[in-house]
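Asker: Whatever this is, show me its structure:
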Amino acid sequence: MAYVSRLNGRALQLVVAVVVAWVINGLPFYLRRIGVIDVAVYQQEVARFCPASIQPFWLPVFCPTSPLSTLQPSRMHSISVARFYQISDAELLLKLLKYGVMVGVLLFSALLILRHRQLRPHWRSLVPWVPLQISMVVALVIGLQGSVIGALTGLVGTLWVPLVPLVGWLLTPRRRQLLCNSLAAMILLHLPVLILESMRGLPLSRMSQLHGLPLPGRMVGLVTMPNTLGVVMVLMLAFCLGFSDRGWHHRLLVAAVLPQLLLARSGTGLFAMALLLGMPSLERLLRDRLLYRRVGGLLLGAGGSLALLLSLPHLLGRPGLMDSLTGRGALMLASWHSASWPELLFGRGLGSGGVLALRIEETLASNPWLSANLSMPEVLHSTDSMWILLLIQGGLLALGAFLGLIFFCIWRDRTARPFLGLFLLCSLTLNLTEIFPLSLLLAVVVRRSLPFEA
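Answerer: Numbers count the residues shown, from 1 in each chain. This next block holds a predicted model:
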C-alpha cells in the first residue's frame, strides 16, 4: 500500500507540474497583451489607435475612432507584434519548464521501471512501436552529423516516442483520473483568460468582428497562436471525454470549449469539435445490423463534414481559411520533389524542420556571438504539419511507422479512437508533438492502446 501511495503522490506532482508549465509557457506574452506587465509599452501601442483621453474597459468597442469595417488596415498593423513576443532570459527559462517536465517524466518513469519489474512491458507488446523508435534514432544520427544543436532541437518533438513504453504506471484508474482532472482545470480556467483578453487585449493582427461582436483579432490566451489554441482545447476535451470517470466533465467541458473555439476562430479546432461530438452517433449507425443504415450513416457523416468544412470560412469570418490547407499541400509536394532518394527514405535528420527549429535559427541569426559559435542545419520551413515534419526529418520510414502505430492503436482501442483520430486529423495543420501537453497525452494514450501482455 505504501508503494501505491507513493506512486499516487508522484502522479499528483506530475499533473501539478503539467498545469504550472502550461500556464507559465504563455503567461508573459498574455500579460503584456492585456497591459499587466510592460504597462508603458501597452499604453504606447493603445495610443496608436485609441484617443488618449479614453480609458476603456473593452478596447474593441471604445477605442477605434472609425467603424471596424472602415478602419484602415495599415493603422491596425502599426502595432509592434515583435515587442510583445520579446522575453527576458528569466522568462525564457520559465518557457523551457515544459520540456523539463517531459524529460523529468521520462527519467522518473525509466528509473521506476528499472526498480519494479512488474511495471515493465513485455517486449512483444511493443512490436508496433519499435519501427517508429528506430526511425527516430536514425533521424537523430543523421541530424547529429549536421549540427548537435539542431538535432537536440528536433529531439524535443520526439520525446513522446521513448516515453510510450515507460508511462504504464500512469494508467491506473486513479492516476488517469488525476490527469483528466488537471486537463479539465486547464480548460475551465482558460475561459475567463480569453474573456479578459477579448476586453483588454491589444489587436496584434487586426480588429475583427464575430457576428457583430467586436474583438481584438483572434484570441490566443496562454497558447500564443489561435489555431493552436483551438486544437489544444479540442484534444484535451477528447482525452477527458474518453478517459474521465466524472460525468459532470462532459457537458461542462464541452460548454467551456465551444466559446474558446469561436473566440480563437480556429477552423481546425471547430471542425475537430464537430467530429468529436458527432462520433458517438455516427459509430452507432455504422454498427447497425441493417446495411442501408450503415451506408446512410457513412454518407451522412461525409456530407455533413464536407458541408461544415466549406462553411467554415463564412462561419468564422476568415475568407482565406482554405488557403492554409492548400499551402500545406504545396509544401508537402515541395518537400517530396526537393529530396533525394536517401533523404526521401530516411529524412534529413532531426532539426531540419519544425517551428521550434525555425525559432532557434532566428535566435542564432539575431545574436552575433551565438551565430559565430553555434550552427544549425538549414531549416526548410516552419512545417506547420506533423506529417510534413516527419517526412522532412525522418523520411517515408518515419511517417509510415507513425501512421502504422496510430492506426494499430485506433483499430485495437475503441475508447482511444476519438483522441487518436482527431490527433491524426489536426496533425495535418500543426506539429502537435512539439506542443505541450499534447505530446505527453499522446504517449499515455498510445501506451494504453498497446497490449500489456505478450
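
Asker: Distance of Leu7 relative to Phe108?
Answerer: If you measure Leu7 against Phe108 using Cβ to Cβ, to the nearest Å, the figure is 10 Å. From N, CA and C alone the C-beta is placed, and that goes for glycine too.

Asker: Which of these two has more residues huddled nearby?
Answerer: It is Leu7, of Leu7 and Phe108, that has more neighbours when counted by other Cβ atoms under 10 Å, with 18 against 15.

Asker: Tell me the confidence at Ser69?
Answerer: Note for Ser69: predicted pLDDT of 39.

Asker: Could you name the specific helix or strand carrying the closest residue to Gly421 other than its chain neighbours?
Answerer: Nearest in space to Gly421, with sequence neighbours left out and distances taken as Cβ to Cβ, 6 or more residues apart in numbering, is Ile410 at 6.2 Å. In the assignment (DSSP states H and E), Ile410 maps to helix 386-412.

Asker: which other helices and strands contact that helix?
Answerer: Counting contacts by 3 or more Cβ pairs under 8 Å, 6 or more residues apart in numbering; DSSP states H and E, helix 386-412 is packed against helix 130-146, helix 321-338, helix 341-346, helix 417-426, helix 438-449.

Asker: Report the mean confidence score over the last one.
Answerer: Pointing back at helix 438-449 there. Averaging the model's pLDDT scores along helix 438-449 yields 93.

Asker: Which neighbouring elements make contact with that helix?
Answerer: Applying 3+ Cβ pairs under 8 Å, 6+ apart, we find helix 438-449 packed against helix 97-115, helix 160-163, helix 173-200, helix 226-243, helix 386-412, helix 417-426.

Asker: Which residues are in contact with the nearest residue to Pro173 once chain neighbours are set aside?
Answerer: The shortest distance from Pro173 to any non-neighbouring residue, by Cβ to Cβ, 6+ apart, is to Asp245 (6.9 Å). By Cβ atoms under 8 Å, 6 or more residues apart in numbering, the residues touching Asp245 are Pro173, Gln177, Cys180.

Asker: So which of those is surrounded by the most neighbours?
Answerer: Sorting the contacts of Asp245 by how many neighbours each has (other Cβ under 10 Å) puts Cys180 first, at 22 neighbours.

Asker: how about the nearest residue to that residue once chain neighbours are set aside, what does it touch?
Answerer: Closest residue to Cys180 apart from its sequence neighbours, by Cβ to Cβ, 6+ apart: Ser244 at 3.9 Å. When contacts are counted by Cβ under 8 Å, 6+ apart, Ser244 is found next to Gln177, Cys180, Asn181, Ala184, His250.

Asker: Alpha carbons of stretch 252-268, as CSV, please.
Answerer: Output of stretch 252-268 as CSV, limited to C-alpha atoms (Å, rounded to 0.1, in the frame of the first residue of the first chain):
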residue,chain,number,x,y,z
LEU,A,252,-19.3,21.3,-18.6
LEU,A,253,-16.1,21.0,-20.6
VAL,A,254,-18.0,21.0,-23.9
ALA,A,255,-19.7,24.2,-22.9
ALA,A,256,-16.3,25.7,-21.9
VAL,A,257,-14.5,24.7,-25.1
LEU,A,258,-17.1,25.9,-27.6
PRO,A,259,-16.8,29.7,-26.9
GLN,A,260,-13.0,29.4,-26.8
LEU,A,261,-13.0,27.9,-30.3
LEU,A,262,-15.2,30.8,-31.5
LEU,A,263,-13.0,33.4,-29.9
ALA,A,264,-9.9,31.9,-31.4
ARG,A,265,-11.8,31.4,-34.7
SER,A,266,-9.9,28.2,-35.2
GLY,A,267,-11.1,26.4,-38.3
THR,A,268,-9.2,23.1,-37.4
